[in-house]
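Q: What follows is a predicted structure for the sequence shown.
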Amino acid sequence: MTLTDQSPVDFLKRYYGYDRFRPMQEDIIRSILSGRDTVVLMPTGGGKSVCFQIPALMLPGVTVVVSPLIALMKDQVGALHLNGIPAAYINSTQTSREQRDIEENCLSGKLKLLYVSPEKLLTDAFFIFLKRIRVSLFAIDEAHCISSWGHDFRPEYTQLNVLKEHFPDVPTIALTATADKLTRQDIAQRLGMNDPAVFLASFNRTNLSLQVLPGQNRLQQIIRLLRQKPDTSGIIYCLSRKSCETLAGKLQEKGFGAAFYHAGMSSDERAKTQDAFLRDDVRIICATIAFGMGIDKSNVRWVIHYNMPKNIEGFYQEIGRAGRDGAPAQTVLFYSFADVATYKDMLSENSPANLHLQLAKLERMQQYADAHTCRRQILLSYFSEELPEPCGNCDVCRDPRVTIDGTVLAQKALSAIVRTGERVPMNLLIDILRGSRSQAILQGGYDQIKTYGAGRDLRFDEWRSYLHQLINIGVIEIAYDNHYALRRGILADQVLYAGRKINLVRPDDVPKAVVEKPKTK
Ligand code: ADP
Ligand code: ZN
């Protein structure tokens, strides 16, 4: 029997030892075998690799896999070798001798898969080499990197369009775990794909619970969580390298086996930490987002976000590293307005070309954290997937919020904002509403305005919660460009003058996000 008499599932059994395909894998493989350009959107851990590796085995020539990280290539090639699949990677860390050997093996037909970085791929020398071998398929892994709409844009990826120009008859498969609709279209277009087949696997990972907690006393909350989960593996994502180290240190002091991981460490140290985690020698990793790409550890039982991520794509990818074995896993996001403010400061300082896009993505993330409806529905809708019923496995579903008519509250707050000239930040506004006699109020003459004391009946923290909600639904806005003063949001006039009703959730029913003072630089 020749290889081509066998069906894809035979290859799955023979090389991977699995009995059946997961949803979509076989359709994707058949699409490629028919020579069609193909876009695959599948969550992390969904099983993207076999989608191009099996065609690579079945097609006559070599499949060239473009992958952004050398560490990722090494892992994948290592895994392929374990399965008895002839594969190699080629990159600038190798000697020219090593590179020549690999090229020889391609030319002689020994290799089925060749992994390469975009930088290497696009060199003239490599192109000449590609023309000499028989390329049967291009696989672009982490394809969202090609799009500036995506969250991990890499300029080197944009030149991949030359592949289609030089190899118009070779099909291309683009794979990613994270791409909203715009990014998806952009990927196909930038790769010069010709009427691609698009496969969107479900992003619904029902075994992941979703939870948002206030960013107050995070360390204590984390310790409590960890005590409930002894001997389980998990990742705590932090914003900065320094906070990874600090947090790992504090957890160690409390007797937890924790390590840290970030891009500031030597590659040796990083590899060591990663191995220790994979072997369960270290259970807890405090890491920046540098950790996890391509790590195939099935028993990660929880992922905690110490800081809110910048966008939903990143968030989804990071929580997706939990529960790959399908067993229940917990995800927790700590939410603080200070994180939002920090990002906004960072963004406005760097003022990237796509500032508005990044701000909009940040806003979607914040809406998720602030949500009073099923969080999974919000996540899935972000990836254009509809979940008809609330999920039952997020904190909102488990603990539904009770809403009240907050129209009068909104009007009082807005009126105070207008009468103080949209100049005062949240805490001062609350003091005004509650009729405080603080220095700042007396000095500003704010005790003279009509709404002074109009909100005495509510506690400070109740007001804070309501104001946050009003900000999130667009009634009030934070003026990031004006010392975080509160001003009228897009819905303000409707509330003030057009009788628009506003529903709010009682503060006791909301996991309260905290307002820490944004760090002054
Ligand atoms: P992704 O690249 O989408 O994050 P991988 O390709 O690394 O995911 O696959 C995740 C895990 O699922 C791997 O351990 C892989 O061997 C396994 N896997 C893939 N396809 C199947 C299948 N049909 N049946 C069982 N396990 C599978
Ligand atoms: Zn839910």
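A: The structure has been received and is ready for your questions. Ligands and ions are numbered 1, 2, ... in the order given.
Q: CA atoms of stretch 182-198 as PDB?
A: Once side chains and other backbone atoms are set aside, the C-alpha atoms of stretch 182-198 remain, and they are given as PDB (Å, rounded to 0.1, in the frame of the first residue of the first chain):
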ATOM      1  CA  LEU A 182     -11.000  42.400  10.900                       C
ATOM      2  CA  THR A 183      -7.800  40.600  11.700                       C
ATOM      3  CA  ARG A 184      -9.000  37.500   9.900                       C
ATOM      4  CA  GLN A 185      -9.800  39.300   6.700                       C
ATOM      5  CA  ASP A 186      -6.500  41.100   7.000                       C
ATOM      6  CA  ILE A 187      -4.600  37.900   7.300                       C
ATOM      7  CA  ALA A 188      -6.100  36.400   4.100                       C
ATOM      8  CA  GLN A 189      -5.600  39.600   2.200                       C
ATOM      9  CA  ARG A 190      -2.000  40.200   3.200                       C
ATOM     10  CA  LEU A 191      -1.000  36.700   2.400                       C
ATOM     11  CA  GLY A 192      -2.500  37.200  -1.100                       C
ATOM     12  CA  MET A 193      -4.800  34.300  -0.500                       C
ATOM     13  CA  ASN A 194      -7.200  33.300  -3.200                       C
ATOM     14  CA  ASP A 195     -10.700  32.700  -2.000                       C
ATOM     15  CA  PRO A 196      -9.600  30.900   1.100                       C
ATOM     16  CA  ALA A 197     -11.600  28.400   3.100                       C
ATOM     17  CA  VAL A 198     -12.100  29.800   6.600                       C
END
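Q: how about the nearest residue to G257 once chain neighbours are set aside, what does it touch?
A: Nearest in space to G257, with sequence neighbours left out and distances taken as CB to CB, 6 or more residues apart in numbering, is R283 at 5.2 Å. To be clear about C-beta, it is placed using only N, CA and C from the backbone, and glycine gets the same treatment. By CB atoms under 8 Å, 6 or more residues apart in numbering, R283 lies in contact with 231-234, 256-258, 277.
Q: Make a ChimeraX selection of whichever of those residues turn out to be buried.
A: Listed next is the ChimeraX selection for buried residues among the contacts of R283, using 16 or more other CB atoms under 10 Å:
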select :232,233,234,256,258,277
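Q: Show me the contacts of R283 that map onto helices.
A: Of the contacts of R283, the ones assigned to helices by DSSP state H are F277.
Q: Mind putting the contacts of R283 into CSV with pLDDT and distance to S34?
A: Compiled in CSV, these are given as follows (pLDDT from 0 to 100; distance: CB to CB, whole Å):
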residue, pLDDT, distance to S34
D231, 93, 48
T232, 96, 44
S233, 97, 41
G234, 97, 42
F256, 96, 52
G257, 96, 50
A258, 97, 49
F277, 95, 40
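Q: Nearest to L362 among the contacts of R283?
A: Proximity of these to L362, judged by CB to CB, is greatest for G234, which lies at 25.2 Å.
Q: List the beta-bridge partners for the closest one.
A: According to DSSP bridges, the residues that bridge with G234 are I284, W302.
Q: Enumerate every residue touching it.
A: G234 makes contact with 226, 283-285, 300-304, 322 under the criterion CB under 8 Å, 6+ apart.
Q: one more time with 10 Å, if that's ok
A: Shown in contact with G234 (CB atoms under 10 Å, 6 or more residues apart in numbering): 222, 225-226, 258, 277, 283-285, 299-304, 321-322, 329-332.
Q: swap in N299?
A: N299 touches 232-234, 280, 322-325, 327, 329, counting by CB under 10 Å, 6+ apart.
Q: ok, now how distant is the residue of the stretch 301-450 of the chain found nearest ligand 1 from G46?
A: With CB to the nearest ligand atom, the shortest gap between the stretch 301-450 of the chain and ligand 1 falls at R324, namely 6.4 Å. As for R324, its distance to G46 is 9 Å (criterion: CB to CB, to the nearest Å).
Q: same thing with M293?
A: In this structure, M293 and G46 are 15 Å apart, going by CB to CB.
Q: On the pLDDT front, check N217 for me.
A: Here the pLDDT value assigned to N217 is 89.
Q: and the longest helix for this structure?
A: Assignment by DSSP H; longest helix in the chain turns out to be helix 355-370.
Q: Packing partners of the helix or strand immediately after it in the chain?
A: The first helix or strand that comes after helix 355-370 along the chain, using DSSP states H and E, is helix 375-382. For helix 375-382, the contact count by 3 or more CB pairs under 10 Å, 6 or more residues apart in numbering; DSSP states H and E identifies strand 208-214, helix 312-319, helix 355-370, helix 395-398 as packing neighbours.
Q: Could the C-alpha coordinates of helix 375-382 be exported in PDB?
A: Taking C-alpha atoms only, helix 375-382 is exported to PDB below (Å, rounded to 0.1, in the frame of the first residue of the first chain):
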ATOM      1  CA  ARG A 375     -18.800  36.900  30.700                       C
ATOM      2  CA  ARG A 376     -18.500  34.000  28.300                       C
ATOM      3  CA  GLN A 377     -21.100  35.500  26.000                       C
ATOM      4  CA  ILE A 378     -19.000  38.700  25.900                       C
ATOM      5  CA  LEU A 379     -15.800  36.800  25.100                       C
ATOM      6  CA  LEU A 380     -17.300  34.600  22.500                       C
ATOM      7  CA  SER A 381     -19.100  37.500  20.800                       C
ATOM      8  CA  TYR A 382     -15.700  39.200  20.500                       C
END
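Q: Show the end-to-end separation of stretch 228-243, please.
A: This stretch, stretch 228-243, spans 23 Å end to end (CA to CA, to the nearest Å).
Q: again with stretch 20-29
A: 13 Å.
Q: what's the answer for stretch 13-25, then?
A: 14 Å.
Q: Enumerate the residues of the stretch 251-400 of the chain near ligand 1.
A: On the criterion CB under 6 Å from any ligand atom, ligand 1 has as its neighbours in the stretch 251-400 of the chain the residues D296.
Q: What residue in the stretch 251-400 of the chain comes nearest to ligand 1?
A: Distances between the stretch 251-400 of the chain and ligand 1 by CB to the nearest ligand atom are smallest at D296, namely 5.1 Å.
Q: Contact partners for that residue?
A: Here D296 is in contact with 44-45, 49, 75-76, 79, 278, 321, 324 (CB under 10 Å, 6+ apart).
Q: Of the residues you listed, keep whichever come out buried.
A: Counted by 16+ other CB under 10 Å, those give 44-45, 49, 75-76, 321, 324 as buried.
Q: what's the nearest residue to R36 if we skip its chain neighbours?
A: If the residues on either side of it in the chain are set aside, R36 comes closest to A197, at 5.2 Å by CB to CB, 6+ apart.
Q: And that neighbour, how close does it get to ligand 2?
A: Note on A197: its distance to ligand 2, by CB to the ion, to the nearest Å, is 32 Å.
Q: OK, now which residue of the stretch 151-300 of the chain is nearest to ligand 2?
A: Ranked by CB to the ion, the top residue of the stretch 151-300 of the chain for proximity to ligand 2 is L210, at 6.8 Å.
Q: what's the pLDDT at that residue?
A: If you check L210, the pLDDT there is 97.
Q: quick one: contacts for the closest residue to it other than its chain neighbours?
A: Counting by CB to CB, 6+ apart, the nearest residue to L210 once its immediate chain neighbours are dropped is C394, at 3.9 Å. Shown in contact with C394 (CB under 10 Å, 6+ apart): 208-212, 331, 371, 373-379.
Q: To R434, which of the helices and strands packed on helix 375-382 lies closest?
A: Closest approach to R434 among those is made by strand 208-214 (21.3 Å; CB to CB).
Q: chain center to the closest one, what's the gap?
A: Here strand 208-214 shows a centroid-to-chain-centroid distance of 15 Å under the convention CA atoms, centre = their mean, to the nearest Å.
Q: What parts of the chain come near ligand 2?
A: Taking CB under 5 Å from the ion as the test, the list of the chain residues beside ligand 2 reads 374, 376, 390-391, 394, 397.
Q: Need the residues you listed in TSV (columns: pLDDT).
A: As requested, the residues of the chain next to ligand 2 are exported to TSV (pLDDT from 0 to 100):
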residue	pLDDT
C374	88
R376	93
P390	87
C391	93
C394	96
C397	92
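Q: Just the buried ones from those residues, in ChimeraX syntax?
A: If you want just the buried ones from those in ChimeraX, going by 16+ other CB under 10 Å, the selection is:
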select :374,376,391,394,397
